[in-house]
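Novice: okay, predicted coordinates and the sequence, questions at the end:
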Amino acid sequence: GVERVERVDMNRNVKDTIVEGITGVSVLLIIFIIVSILAITIVGGWPNLNWTFLSEFPRDGMTKGGIFPAIVGTAVMTIIMAVAAVPFGVITAIYLAEYASEKSIIAKTIRFGVKTLAVVPSIIFGLFGLGFFIGFIGKNMDGLLNAGELRWGQPNILWASLTMALLTLPVVIVSVEEAIRSIPREMREASLALGATKWQTIRSVVLPGSVSGILTGTILAVSRGAGEVAPILFTGAAYFLSELPHSLNDQFMSLGYHIYIMSTQSSNVDTTLPIQFATTLVL
């Protein structure tokens with residue numbers, strides 16, 4: 001009996017060692033990939049990163065000058081995207097975590113919609129933005145407000161930002177809902193026991209305790225939105241503009257689109273390669 005127990009313990013130790021080894025190798029592999037990406041980007045982009053590169057407009061076929069309009073365009077787009085996506089995402093997450101029953105048909109429908117949006121390819125969002133925001137809303141706005149003059153029925157920074165908001169909405173909802181659910185139920189019950197209403201408990205106990213999760217969802221959404229290219233191909237991004245966008249119905253330059261064009265359609269890739277790395281580092 002003792003020998004059998006020792007044999008079982010030995011088998012367990014061997015299995016534990018194998019599992020620990022596999023997980024350790026996986027972690028090291030992930031760290032190696034991350035460090036490699038950062039190292040290649042920094043080594044390739046740092047020599048070309050200077051104030052001129054950050055503050056000037058591109059010139060001479062994009063081989064000289066800087067990426068200032070692309071920085072501004074990306075920043076404006078992500079701000080509009082965050083303003084559009086984060087409030088709706090937080091409200092939806094609060095409803096799913098605090099108000100909706102697990103058996104609610106509405107809640108199940110919302111969760112199905114969120115999961116579906118999360119797996120839709122980004123290029124599909126771009127086609128949707130082209131058809132819905134530009135082809136439907138924009139052209140109808142021109143017909144009602146501008147006597148048919150083409151102003152909103154064309155690619156611009158507003159439609160691109162709203163398209164990106166739809167793309168990043170699932171990230172916000174999932175992150176915020178998980179943060180809200182991480183608040184101990186005892187804290188909610190204590191608040192309700194002291195006479196607070198449901199909304200007062202959410203506002204004073206739940207939301208302050210989940211601020212870090214809300215910020216995490218916002219950061220994840222902004223980082224994904226700033227780097228996506230496919231949705232803005234049809235909805236507002238331009239390869240080169242001689243001036244910054246002045247209104248919401250202007251096109252804009254984007255860092256991600258700038259990298260994509262320079263790496264795929266440049267007449268001399270070797271000449272623009274340092275600029276590609278520097279732009280990637282900025283992004």
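Specialist: In hand now; what should we look at?

Novice: contacts and neighbour counts: CA atoms only from here.
Specialist: OK.

Novice: so where do the strands sit in the chain?
Specialist: Taking DSSP state E as the criterion, the chain carries its strands at 58-59, 64-65.

Novice: check the burial of residue 57 by counting its neighbours.
Specialist: 20 (other Cα atoms under 10 Å).

Novice: which of the strands of the chain sits closest to residue 145?
Specialist: Using Cα to Cα as the measure, strand 58-59 is the one of the strands of the chain that comes nearest residue 145, at 35.4 Å.

Novice: kindly reformat the strands of the chain as JSON lines containing mean pLDDT.
Specialist: Below are the strands of the chain laid out as JSON lines (pLDDT from 0 to 100):
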{"stretch": "strand 58-59", "mean pLDDT": "82"}
{"stretch": "strand 64-65", "mean pLDDT": "80"}
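
Novice: for residue 106, which of those is the nearest?
Specialist: With Cα to Cα as the yardstick, what comes closest out of the strands of the chain is strand 58-59 (50.1 Å).

Novice: so what touches the closest one?
Specialist: Applying Cα atoms under 8 Å, 6 or more residues apart in numbering, the set of residues contacting strand 58-59 from outside is 64, 65, 66, 67, 68.

Novice: same deal with stretch 104-114?
Specialist: With Cα under 8 Å, 6+ apart as the criterion, stretch 104-114 contacts 96, 100, 101, 102, 169, 170, 173.

Novice: the second one and residue 206: what is the separation?
Specialist: Taking Cα to Cα, to the nearest Å as the measure, residue 100 falls 16 Å from residue 206.

Novice: so the two - more neighbours on which side?
Specialist: The neighbour count for residue 100 versus residue 206, taken as other Cα under 10 Å, is higher for residue 206 (23 against 15).

Novice: hang on, isn't the more buried one packed against residue 180?
Specialist: Yes: Residue 206 lies in contact with residue 180 (Cα atoms under 8 Å); the separation is 6.4 Å.

Novice: how about the helices in the stretch 151-283 of the chain?
Specialist: 157-181, 185-193, 198-201, 207-209, 211-227, 230-233, 255-264, 269-282 (DSSP state H, counting those that start in this stretch).

Novice: out of the ones you listed, which is the most enclosed?
Specialist: Of the helices of the stretch 151-283 of the chain, the one with the most neighbours on average (mean count of other Cα atoms under 10 Å) is helix 157-181, at a mean of 25.

Novice: please pull out the lowest mean pLDDT helix or strand from this protein.
Specialist: The helix or strand of the chain with the poorest confidence is strand 64-65; it has a mean of 80 (mean pLDDT, DSSP states H and E).

Novice: look up the closest residue to residue 136, ignoring the ones flanking it.
Specialist: Take residue 136 and drop its neighbours on the chain: the residue closest to it by Cα to Cα, 6 or more residues apart in numbering is residue 153, 7.9 Å away.

Novice: list the contacts of the one you found.
Specialist: When contacts are counted by Cα under 8 Å, 6+ apart, residue 153 is found next to 134, 135, 136, 137, 138, 139, 140, 141, 142.

Novice: as JSON lines, the helices of the stretch 151-283 of the chain with distance to residue 75 and mean pLDDT would be great.
Specialist: As requested, the helices of the stretch 151-283 of the chain are arranged in JSON lines below (distance: least, Cα to Cα, whole Å; pLDDT from 0 to 100):
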{"stretch": "helix 157-181", "distance to residue 75": "11", "mean pLDDT": "92"}
{"stretch": "helix 185-193", "distance to residue 75": "38", "mean pLDDT": "89"}
{"stretch": "helix 198-201", "distance to residue 75": "34", "mean pLDDT": "90"}
{"stretch": "helix 207-209", "distance to residue 75": "27", "mean pLDDT": "89"}
{"stretch": "helix 211-227", "distance to residue 75": "8", "mean pLDDT": "87"}
{"stretch": "helix 230-233", "distance to residue 75": "14", "mean pLDDT": "92"}
{"stretch": "helix 255-264", "distance to residue 75": "10", "mean pLDDT": "89"}
{"stretch": "helix 269-282", "distance to residue 75": "12", "mean pLDDT": "87"}
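
Novice: same list (these) but as a markdown table, adding distance to residue 15.
Specialist: Converted to a markdown table, the helices of the stretch 151-283 of the chain look like this (distance: least, Cα to Cα, whole Å):
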| stretch | distance to residue 15 |
| --- | --- |
| helix 157-181 | 33 |
| helix 185-193 | 38 |
| helix 198-201 | 47 |
| helix 207-209 | 40 |
| helix 211-227 | 36 |
| helix 230-233 | 45 |
| helix 255-264 | 45 |
| helix 269-282 | 43 |
